[in-house]
Each structure stands twice: as structure tokens, then as C-alpha cells.
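1. Please work out how this folds:
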Amino acid sequence: MKKLIALFSVILLAGASYAKEVTLLMDWFPQGNQSGYWQAQFDNEYHDDVKITVKAGGPKVRTTTAVASGQVEFGLNGSDSVMMANAKGAGLKAIFVSLNHVPYTLVFHPNQGIKTVNDLEGRPFAVVMGITYWKWVKYKYGVTAKEFPLTGDLGLFARTPEQFQQGYSLFLPARLAAKGVASEQITLESLGYRPYSVLFTSEKLIKEDPELVQTVVDRLSMAFHKSLVDPKPTRDYILSKSKKVNAEIHNNALELMKRDFLPKDWSKIGCQDPTRWVELSNQLKDIDVLPADFNPHDSYDLTFKKGCYK
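-> Prediction:
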């Protein structure tokens, strides 16, 4: 009887029509830090209110542009990118924090006498040219390097002991280790640069359909918790889509997320602290990527994630 009930439920859900549909555009190819978003898509079968479709990103994807132009309803990016887009009139609002800081890092070879970021002075640096956080590092610490465009060629890094490279601390050191290449790192968070990784939407959608935004945030809160308790479904999917990450690297990233990037109380995943937006906006003003009169409080909305504040 239980099997018949379960089968009947699946049939009903399979034929269900959704009241509304939305797309969440990721900022990169499927990877572990996106697990909660992919879980929300998998959980569509248990809901008939909103169908959530998650779309993979990549190097040419601009999530802020896609949301501002109405191509998609929601996007993932750093809170620095959201504010810089808003300085140009994008009209975006962050509504959910998925990582307490974007895992930006600077990776280098061991035994090179590198103890601080200033020890990177003058070295070859594989970097996305013009990336904001490196502008801030140069401003804050006065360090310069021989910059050249990042291609993702780990072989070049392996062959060049004096080189350092930008990356994500959740993945790059583990990917190098899988190829037998030892590395050390200096994270941007340790240097004081710590933008949130946020899901954002448009001011227009918040005004026109706040109930839809609320539903998405509620679904994400449940999905992130579920993806941490039972990571196998999203892990299997991500590994099927990724050529650069294996199960060991993925599992390591999840453990790092739990330790360093998520609140200890998982019910707080999604919460934002306004003082962090002020801190980051001041850093961006220091390097002239935001105007002096920019108001960071216009770039987020605390309404939708419940239980964050007393």
C-alpha cells in the first residue's frame, strides 16, 4: 500500500503544473558551493507553487547583467559585483547569502620564502585581468606583480615555481594536490577582503511580486540544509557535469564550507549583516570602483530571510 501511495504521489507531481516559474543563474559551472541551489531545483517535485530552474554559468556569463535586463529572475555573484552593477544603475538587491565570503585566494608554491602577501612582489601572476580584489590588494598592501591572463592551465603553474595564481580556496589547492602539485595560499578573507556570495534579484521583481521572492528564499533555506545533511544527490549531479572536480575534491569543499564559510547554525544560512556591506563599499570606494556617495544599503533586502535578527 505504501508503495502504491508513493507511486501515486509521483504521478501526481510529475503531471503537476506550477503557478510560477523562475530561473536562478549561477556564476560558474556546477560546483560544490552551489549545492543548495541545485537541491532547490531537485525539490521541485515536492512543490506546485514555484518551479525553480537553475542554470549553469561560466567565464562569459554576467549574472548581474542577466538579472538587470530581465533575462532571468535571480543570479548568483559576489556582493562586490552587485554594488558595482548598482553604481551603474542596475537596480539589484541581494536577498540570500550562500557563503559568508567568496573563497578568493592566491595560491603559490611552497618553499619560496612567501610568508605574507608582500612576499609576492614582482612574481608572475596568473589572474583575470582587472579583477576587483587584486586592485584592492595592490591598493591596501602596495604589492605589484607581473600580471598575465589566467587560462586555467595548471600545468603552467606546476612548471613555474615562482608563479602564483588566483583561484577559489575551496577547489584550486585540492585540484593541484590531485595532480601531485603541492601549494600554499593566502586567502583574500585573511587579508580583509570578504564579499558575500549572494543570490540577488531586481528591485522591480521585489516590488511587483514579493510573495514569489519570499517563496524562493524559503525554498533555498530548506534546500541548503537538505544538501548539507544528504549531499549525495547534488554531488552526483555536479560530478556528472564537471570535468575538473572529482568526488574527493567535492567532499573536501563541502567540509571546508561547513568549517569556514557557513554559520554554525545552519538555520542562519542566508542571513546578511549590514555592517559587512558598509565595510565592503568603503573598500571599493578606496579603489575608485564606487562613487564616494554610493549607499551600500540600497543593494540588499533583509525582508525575506527570516530568523536572522532579534
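2. What average pLDDT does the helix or strand hosting residue 148 get?
-> Taking DSSP states H and E as the criterion, residue 148 maps to strand 146-149. Across strand 146-149, pLDDT averages out at 96.
3. I'd like the next helix or strand past it.
-> helix 154-159.
4. Which strands and helices lie in contact with that next one?
-> Judged by 3 or more Cβ pairs under 8 Å, 6 or more residues apart in numbering; DSSP states H and E, helix 154-159 is in contact with helix 172-178. Just so you know, the C-beta spots here come from the backbone N, C-alpha and C atoms, and that holds for glycine as well.
5. what does the helix it packs on rub up against?
-> For helix 172-178, the surrounding residues in contact (Cβ atoms under 8 Å, 6 or more residues apart in numbering) are 105, 107, 154, 157-158, 165, 167, 182-183, 185, 244-246, 248-249, 252-253.
6. Which residues does whatever helix or strand residue 67 lives in contact?
-> Following DSSP H and E, one finds residue 67 within helix 63-68. Here helix 63-68 makes contact (Cβ under 8 Å, 6+ apart) with 25-27, 57, 71-77, 81-82, 85, 90-92, 200-202.
7. List buried residues within these.
-> Neighbour counting with 16 or more other Cβ atoms under 10 Å marks 25-27, 57, 72-77, 81-82, 85, 90-92, 200-202 as buried within these.
8. and the contacts of helix 172-178, which of them are in helices?
-> If you go by DSSP state H, those have 154, 157, 158, 248, 249, 252, 253 in helices.
9. Narrow these to those that are buried.
-> Among the ones in helices among the contacts of helix 172-178, those buried by neighbour count (16+ other Cβ under 10 Å) are 154, 157, 158, 249, 252, 253.
10. what's the longest strand in this structure?
-> Longest strand in the chain, counting residues (DSSP state E): strand 92-99.
11. which residues sit against it?
-> So strand 92-99 is contacted by 33-34, 36-37, 64, 67-68, 76, 79, 82, 85-86, 196-203, 206, 213, 216-217, 220-221, 224, 257, 261-262, 269-272, 299-301, 304-305 (Cβ under 8 Å, 6+ apart).
12. average model confidence for it?
-> Here the average pLDDT along strand 92-99 is 98.
13. what does stretch 288-296 give?
-> Mean per-residue pLDDT for stretch 288-296: 98.
14. what about that stretch, start to end distance?
-> 15 Å (Cα to Cα, to the nearest Å).
15. List the buried residues for that stretch?
-> 289, 290, 294, 296.
16. Just give the closest residue to the second one, not the sequence neighbours.
-> Excluding the flanking residues, the one nearest residue 290 by Cβ to Cβ, 6 or more residues apart in numbering is residue 284, at 4.3 Å.
17. wait, isn't the one you found in contact with residue 82?
-> No - taking contacts as Cβ atoms under 8 Å, residue 284 lies outside contact range of residue 82: 10.9 Å.
18. Can you tell me the element residue 35 falls in?
-> Element membership of residue 35, judged by DSSP H and E, is helix 35-42.
19. Does anything pack onto that helix? Which helices or strands?
-> Using 3+ Cβ pairs under 8 Å, 6+ apart: helix 35-42 touches strand 20-25, strand 50-55, helix 210-229, helix 232-241.
20. mind putting those in CSV, distance to residue 124 and mean pLDDT included?
-> Listed next are these as CSV, based on distance: least, Cβ to Cβ, whole Å; pLDDT from 0 to 100:
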stretch, distance to residue 124, mean pLDDT
strand 20-25, 33, 97
strand 50-55, 35, 96
helix 210-229, 38, 97
helix 232-241, 32, 91
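21. and of the ones you listed, who's closest to residue 135?
-> With distances scored as Cβ to Cβ, the stretch of these nearest to residue 135 is strand 20-25 (25.2 Å).
22. low-confidence ranges in the stretch 101-250 of the chain?
-> Applying pLDDT under 70 to the stretch 101-250 of the chain flags no residue at all.
23. thinking again about what came up before, so what's the gap between the longest strand of the chain and the chain middle?
-> On the basis of Cα atoms, centre = their mean, to the nearest Å, strand 92-99 sits 10 Å off its chain's mean C-alpha point.
24. before we move on, what about stretch 21-37?
-> Using Cα atoms, centre = their mean, the offset of stretch 21-37 from its chain centre is 9 Å.
25. Got the phi and psi for the residue nearest the centre of the chain?
-> Central residue of the chain (Cα atoms, centre = their mean): residue 197, 4.2 Å from the mean position. The phi/psi pair for residue 197 (degrees, to the nearest 10) reads phi -100, psi 120.
26. And it, how close does it get to residue 309?
-> 20 Å (Cβ to Cβ, to the nearest Å).
27. so which pair among the ones in helices among the contacts of helix 172-178 is furthest apart in space?
-> 158 and 253 (21.0 Å).
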